[in-house]
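Asker: 3D, please:
(4 chains)
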There are 2 protein chains.
Amino acid sequence: MTNSDAKRPSGCPIAFGLDTFGDRWTLLIIREMLFRGKSTYGDFLAADEGISTNILANRLKHLEAEDIVMKRRDPENFRSFLYELTPKGFDLAPILIEIVRWSGRHDDRPDRLTEMVNRVENDREGLGREIEARRSAAQQNRAASERQGQQIN
Amino acid sequence: MTNSDAKRPSGCPIAFGLDTFGDRWTLLIIREMLFRGKSTYGDFLAADEGISTNILANRLKHLEAEDIVMKRRDPENFRSFLYELTPKGFDLAPILIEIVRWSGRHDDRPDRLTEMVNRVENDREGLGREIEARRSAAQQNRAASERQGQQIN
DNA sequence: TTCTTCAGCTTGCATTTTGCAAGTTCACTT
DNA sequence: AAGTGAACTTGCAAAATGCAAGCTGAAGAA
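Answerer: Okay, the predicted model is just below:
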């Protein structure tokens, strides 16, 4: 789906955002990339929530079409692919961080994990640097791929 | 749905948030309340995106169960109801604001409306005050309702 | 050079969720 | 007593999701 065939062409930026990443899985895939440095199809399949393979394939295709992720061959393992966030994808970080903060305040289940919440509340700078590092690494990779005219399929 | 019967009990705060408000309609309902001061079932039905009545009823029930909205009779029109955000609901504001900012940066459709984006980028303080005003008005109303032991159905 | 494995999908089908339209209830209004 | 407006509820068709099984193409093993 590109921007022009949005399901809800209401002009509202909230609606636009939800049309782009507002389903039950997309932000979890982004989380894997942004906060956990994951990058392969198998990584995403292995995430705790158990996304099914057809949905994952569908969402990755959608995210590529939206220019939120880029797919390229893994230069170290040529039968695998790497999915990496674009700048547009990295820009989703503040949204995810605010979701983490909200959940940290309002999830009162006894067994909730607080690692990510603690990170966001007590080491926002460190987290920011980590994400920034991933962002510039991704940029290096994009540049390198372009230099090599790298094939994608 | 209460916190304890989450669809994805992974312990991740992102997953928790998505289980609570991560469908295609919930945040649009919240938007009507938070940014547009809307409060009735009819208001929500009339929103641009055209939510259907059964889905709306379902989501409002869910939001009430999650303590994100409260429902009470309209004291000025006793056959109508008012849906108002709780503090937990108001706390969603930063998430919506970050979605607006992201869309402002990345929605490049020619006909996109920028009113809300402009507001967020150029009058964040004014917007903050407006939301804060709604929050304290809601608190007054909750207090008043409790004083009167107001019935809800 | 064929055989196996691994990563990344695609396909088929049952279940669930969504969307649309029509009908119901209850509190007023006339 | 009949009518109207607001807030739902119900029934059913269409779409999305979830699960399991199968396919494909690159690498490494035999």
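
Asker: Flag every residue of chain A that's near DNA strand D.
Answerer: Applying C-beta under 7 Å from any atom of the strand, we find that chain A lies next to DNA strand D at A:23-25, A:50-55, A:58, A:78-79. C-betas here are computed from N, CA, C, even on glycine.

Asker: how about 6 Å then?
Answerer: Residues of chain A lying near DNA strand D by C-beta under 6 Å from any atom of the strand: A:23-24, A:50, A:52-55, A:78-79.

Asker: could you flag which of those are buried?
Answerer: A:23-24 (16 or more other C-beta atoms under 10 Å in any protein chain shown).

Asker: so which of the residues of chain A next to DNA strand D also contact DNA strand C?
Answerer: Answer for these near DNA strand C (C-beta under 6 Å from any atom of the strand): A:53-54, A:79.

Asker: if we can go back for a sec, from the residues of chain A next to DNA strand D, which single one is nearest B:His106?
Answerer: A:Asp23 (17.3 Å; C-beta to C-beta).

Asker: Mind telling me what element that closest one is part of?
Answerer: Using DSSP states H and E, A:Asp23 sits in no helix or strand.

Asker: list the contacts for it?
Answerer: With contacts defined as C-beta atoms under 8 Å, 6 or more residues apart in numbering or on different chains, the neighbours of A:Asp23 are A:59, B:22, B:24.

Asker: rewinding a little: TSV for the residues of chain A next to DNA strand D, including secondary structure and pLDDT?
Answerer: Below are those laid out as TSV (DSSP: H, G, I helix; E, B strand; the rest coil; pLDDT from 0 to 100):
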residue	secondary structure	pLDDT
A:Asp23	coil	93
A:Arg24	coil	90
A:Gly50	coil	94
A:Ser52	coil	97
A:Thr53	helix	97
A:Asn54	helix	97
A:Ile55	helix	98
A:Phe78	coil	89
A:Arg79	coil	91
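
Asker: Pull the most distant pair out of the residues of chain A next to DNA strand D.
Answerer: A:Arg24 and A:Phe78 (33.1 Å).

Asker: Check the gap between the residue nearest the centre of chain A and A:Arg36 for me.
Answerer: For chain A, the residue nearest the mean C-alpha position is A:Ile30 (1.8 Å; C-alpha atoms, centre = their mean). Plainly put, A:Ile30 is 10 Å away from A:Arg36 if you go by C-beta to C-beta, to the nearest Å.

Asker: One more: A:Asn54?
Answerer: From A:Asn54 to A:Arg36 the distance is 23 Å (C-beta to C-beta).

Asker: Same question for A:Val69.
Answerer: Counting by C-beta to C-beta, the gap from A:Val69 to A:Arg36 is 15 Å.

Asker: Those two: which has the busier surroundings?
Answerer: Legend: neighbour count by other C-beta atoms under 10 Å in any protein chain shown for A:Val69 and A:Arg36, higher for A:Val69 (24 against 11).

Asker: now the helices for chain A?
Answerer: Ranges of helices in chain A, per DSSP state H, are A:13-21, A:26-36, A:41-45, A:53-65, A:87-90, A:93-106, A:115-122, A:124-147.
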